[in-house]
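**Student:** Have a look; sequence and predicted model below, questions after that.
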Amino acid sequence: MAQLMPKRRLENIGLGITGFCVALVALVVVTLIFMVAQQGLSTFFVDGMDPIAFFTGQNWIPEQERYGALPMIVGSFAVTLLSTLFALPIAIGSAIFVVEVAPGFGRRIFQPVIELLVGIPSVVYGVLGLYVINALVKAVFGDAAPTGAGILSGAIVLAIMILPTITTLSMDALRAVPNQYREGSYALGCTRWQTTWHVVLKSAMPSLMTAVILGMTRAFGETLAVQMVIGGVERSMPTGLLDPASTLTAALTAGLSNAVSGSEYYHALWTLGLLLLVMSLIFILIIHLIGRKGAKANG
Amino acid sequence: MASEKVASSRNSALDAHVARIDRQDKIATGVLTVIVGLVILLVVSIIAYIVIRGAGRAFAPGFLTNSYNDEAMAGILYQLWDSFYLLLVTLVISVPISLGAAIFLVEYAPDNWVTSAAKTAIETLSSLPSIVVGMFGSLFFVVTLGWGISIIAGACALTMFNIPILVRTIQQALEDVPRSQRDAALAMGLTRWETTINVLLPAAMPAIVTGVVLSAGRVFGEAAALIFTSGSAPARLNFASVNFLSPTNPFNIFRPACSLAVYIWRLTSEPTAGSTEIVWGTATILLLCVLLFNVLARLLGKFLSRRLTAE
């Protein structure tokens, strides 16, 4: 028995070390949520701001102590939805092409090419947006877009950034559709497009929706690329797609270095951070719900 | 006669239907081809544009070897150093933790609420916007732990950003090791820990190395989590310094640093004369470094798996 003991001790050491790593990660996440919530809720509980006034206020002017987060909330949702709208047809379309029409080309050429897009850092997209997309928007819309900075430019840059996310996940979703479904449909005399449209897309729907939501999560939380192209105007509500606006992430990036720790402005910025945190938790929840529903639908 | 007529009209209706769905099929295929062509054109033109726009500055003599405040030719030597040093410190912290966490989740994790809570925590971490991680770092690592704006605080923020990616790839790599290898080792009387260290890890090593290098590419370009943790002011470095506590010593982990990505952000938000050219040059170098990491990851993975599988 005594000879076996060192082995058991070894096993316990292994369990201890690896368990510690997991516990550490979990602890950091809990600390993060706790600290962001604590700082973010200080706006309401310490500084006594009215939550409704904060989230529906239409002006964000720290110098006058006016904190209305609606311009950034609207900005964030606008760029997220618009970029998803731009990226979605292209992403699903190319996923269909490389899975259903030309699988060999998809694996050998398309996949490595689209992975290049994932690798490009966010600031590089920002540079591209700032010097190229803004100039293009300005050239196309002329006086309607005096600087080119705005929700439209932000959405275009984001659409390029989330394109690979949605495309690769959609490719996985389509590849996961069992081949019998396609063969059954072809045996009934359906064309490739009919098969794709009525059979493949339908049965891959839950996974495709997950792909889209993950893309939206990325767009919502994307920081520097948007901040560099959107113009950074949070004083008042955005009036159009071509006017400079701001998002939650952009306002945080621009504001946090000027805010004095513990001040009302500092707490208000953390509340925006808390809002971002809550939104990303909601996105995760939606993905889980879709996954569960998809599992139930497929038996 | 009447029935023949019905049949022929039915036939022509069928023919029309077939012609219609064939046409639909052709149009759909055509549209999809155009979309894919446009996507490839987009990727190629983005990369080509950045490289062409910045190559003039990026490969000008001195750009990689001069300091940012060099009067004749401002360079990015310090930022380049800081980027690689930050990456190194980040990997030193995040690889062991991710390895441990992944081994726990694959080998030990009991099927209960603790495990599912840990998995949820890692998933949460992966979906957090990097600016939120940066904010948390600026409060927790910089203020609460008292490290100040420093490389170590930045590396810890990057670690939080890196862990979910690494845990997932290492987990995948361990799960892909054939079941028979694990069973054989356990049947020989090895404990799970010995099995993991001596059998599973070596077998999974090529995939793990590929994953680590790929994640290094992501970390290398990250900026939002760094602005408030390791700072955005270009650091002054003295490569002759031997005092490891001096703020100009390149190896001091408690000094502020400015990576390539943060430098680009700072130059675009506070433009100075001639900064546009530096921005494009730096962006080119950053992009090439990241692409290099991707190529390196693939080559290294292939090389290692050849070394480890074919004796």
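**Tutor:** In hand now; what should we look at? Remember, predicted model here, so these are calculated numbers, not experimental data. Numbering: from 1, shown residues only, chains lettered A, B, ... in the order given.
**Student:** quick one: contacts for the closest residue in space to residue A:146 that isn't next to it in sequence?
**Tutor:** Leaving aside its sequence neighbours, residue A:146 sits nearest to residue A:138 (CB to CB, 6 or more residues apart in numbering or on different chains; 7.5 Å). Yep, even glycine has a C-beta here, placed from its N, CA and C like the rest. Residues near residue A:138 by CB atoms under 8 Å, 6 or more residues apart in numbering or on different chains: A:145-148.
**Student:** how close does residue A:154 sit to residue B:276?
**Tutor:** For residue A:154, the distance to residue B:276 (CB to CB, to the nearest Å) stands at 20 Å.
**Student:** neighbour-wise, which of the two wins?
**Tutor:** Between residue A:154 and residue B:276, counted using other CB atoms under 10 Å in any protein chain shown, the more crowded position is residue A:154 (35 against 17).
**Student:** pLDDT score for that one?
**Tutor:** Note for residue A:154: predicted pLDDT of 94.
**Student:** Residue B:275 too?
**Tutor:** Residue B:275 is assigned 86 on the pLDDT scale.
**Student:** I figured it was touching residue B:265, is that so?
**Tutor:** No - between residue B:275 and residue B:265 there is no contact under CB atoms under 8 Å: 11.8 Å.
**Student:** Mind checking which of these two has more residues around it?
**Tutor:** Of the pair residue B:275 and residue B:265, residue B:265 is the one with more neighbours under other CB under 10 Å, namely 28 against 16.
**Student:** Is the strand or helix carrying that one positioned near chain A?
**Tutor:** Assigned by DSSP states H and E, residue B:265 belongs to helix B:260-269. Yes - using CB under 8 Å from any CB of the partner chain, we find that helix B:260-269 touches chain A at B:261-262, B:264-265, B:268-269.
**Student:** contacting residues around that helix?
**Tutor:** A:121-124, A:126-127, A:130, A:224, A:228, A:254, B:68, B:76, B:79-80, B:82-83, B:220-223, B:226-227, B:230-234, B:258, B:275, B:278-279, B:282-283, B:285-286, B:289.
**Student:** what's the residue closest to the geometric middle of chain A?
**Tutor:** For chain A, the residue nearest the mean C-alpha position is residue A:218 (1.8 Å; CA atoms, centre = their mean).
**Student:** if we can go back for a sec, format the residues of helix B:260-269 next to chain A as a markdown table; extra columns: pLDDT.
**Tutor:** Formatted as a markdown table, the residues of helix B:260-269 next to chain A follow (pLDDT from 0 to 100):
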| residue | pLDDT |
| --- | --- |
| B:261 | 93 |
| B:262 | 93 |
| B:264 | 93 |
| B:265 | 92 |
| B:268 | 90 |
| B:269 | 86 |
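**Student:** Can I have the buried ones of those residues as a ChimeraX selection?
**Tutor:** To isolate the buried subset of those in ChimeraX, counting by 16 or more other CB atoms under 10 Å in any protein chain shown, use the following:
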select /B:261,262,264,265,268,269
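**Student:** could I get the residues of helix B:260-269 next to chain A as CSV with distance to residue B:43?
**Tutor:** Formatted as CSV, the residues of helix B:260-269 next to chain A follow (distance: CB to CB, whole Å):
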residue, distance to residue B:43
B:261, 20
B:262, 25
B:264, 21
B:265, 23
B:268, 23
B:269, 27
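**Student:** can the helix or strand that contains residue B:208 be found next to chain A?
**Tutor:** Remark: residue B:208 resides in helix B:201-221, with elements defined by DSSP H and E. Yes - Helix B:201-221 is in contact with chain A by CB under 8 Å from any CB, via B:217-218, B:220-221.
**Student:** if we take the residues you listed, which one ends up nearest to chain A?
**Tutor:** residue B:221 (2.5 Å; CB to the nearest CB).
**Student:** Would you mind confirming that that closest one is in contact with residue A:121?
**Tutor:** Yes - contact criterion CB under 8 Å: residue B:221 and residue A:121 qualify, at 2.5 Å.
**Student:** Mutual contacts of those two, please.
**Tutor:** B:261, B:286, B:290.
**Student:** coming back round to it: for the contacts of residue A:138, pick the one with the most neighbours.
**Tutor:** The most crowded member of these is residue A:148, carrying 24 neighbours; neighbours defined as other CB under 10 Å.
**Student:** can you confirm that one is in a strand?
**Tutor:** No - applying DSSP: H, G, I helix; E, B strand; the rest coil, one finds residue A:148 to be coil, outside a strand.
**Student:** Quick one: residues contacting residue A:212.
**Tutor:** A:84, A:88, A:166.
**Student:** Am I right that it is in a helix?
**Tutor:** Yes - per three-state DSSP, residue A:212 lies within a helix segment.
**Student:** remind me which residues of chain B are low pLDDT?
**Tutor:** For chain B, the stretches with pLDDT under 70 are B:1-5, B:309-311.
**Student:** so how far is residue A:259 from the spatially closest residue to residue B:254 that is not a sequence neighbour?
**Tutor:** Here the nearest residue to residue B:254 in space, its sequence neighbours aside, is residue B:150; by CB to CB, 6+ apart that works out to 4.7 Å. Using CB to CB, we find residue B:150 at a distance of 20 Å from residue A:259.
**Student:** Tell me which of the two has more neighbours.
**Tutor:** Regarding residue B:150 and residue A:259, a neighbour count based on other CB under 10 Å identifies residue B:150 as having more, with 21 against 17.
**Student:** before we move on, the earlier item: check whether the residue nearest to residue B:254 really touches residue B:253, as I assumed.
**Tutor:** Yes - between residue B:150 and residue B:253 there is a contact at 6.6 Å, judged by CB under 8 Å.
**Student:** among the contacts of residue A:212, who's most crowded?
**Tutor:** That'd be residue A:166 among the contacts of residue A:212, by other CB under 10 Å, with 27 neighbours.
**Student:** tell me the contacts of that residue?
**Tutor:** Per CB under 8 Å, 6+ apart, neighbours of residue A:166: A:87-88, A:91-92, A:211-212, A:214-215.
**Student:** can you check residue B:181 too?
**Tutor:** Counting by CB under 8 Å, 6+ apart, residue B:181 touches B:199-200, B:203.
**Student:** Make a markdown table from these and add neighbour count to it.
**Tutor:** Output for these, formatted as a markdown table (neighbours: other CB atoms under 10 Å in any protein chain shown):
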| residue | neighbour count |
| --- | --- |
| B:199 | 18 |
| B:200 | 21 |
| B:203 | 19 |
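**Student:** just those residues now: which is nearest residue B:16?
**Tutor:** Comparing those against residue B:16 with CB to CB places residue B:203 closest, at 60.0 Å.
**Student:** what about the closest residue to the closest one other than its chain neighbours, distance to residue B:204?
**Tutor:** Nearest non-adjacent residue to residue B:203, counting by CB to CB, 6+ apart: residue B:177, 4.6 Å away. From residue B:177 across to residue B:204, the span is 5 Å (CB to CB).
**Student:** Chain B contacts on the stretch 101-250 of chain A?
**Tutor:** A:101, A:109-110, A:113-117, A:119-124, A:126-128, A:130-132, A:160, A:163, A:167, A:190-194, A:196-197, A:217, A:220-224, A:228, A:249.
**Student:** Helices - which of these land there?
**Tutor:** A:113-117, A:119, A:122-124, A:126-128, A:160, A:163, A:167, A:192-194, A:217, A:220-221, A:224, A:228, A:249 (DSSP state H).
**Student:** one step back: mind checking which of the residues of the stretch 101-250 of chain A next to chain B are buried?
**Tutor:** Buried members of those, scored by 16+ other CB under 10 Å, are A:101, A:110, A:113-114, A:116-117, A:119-124, A:126-128, A:130-132, A:160, A:163, A:167, A:190-194, A:196-197, A:217, A:220-224, A:228, A:249.
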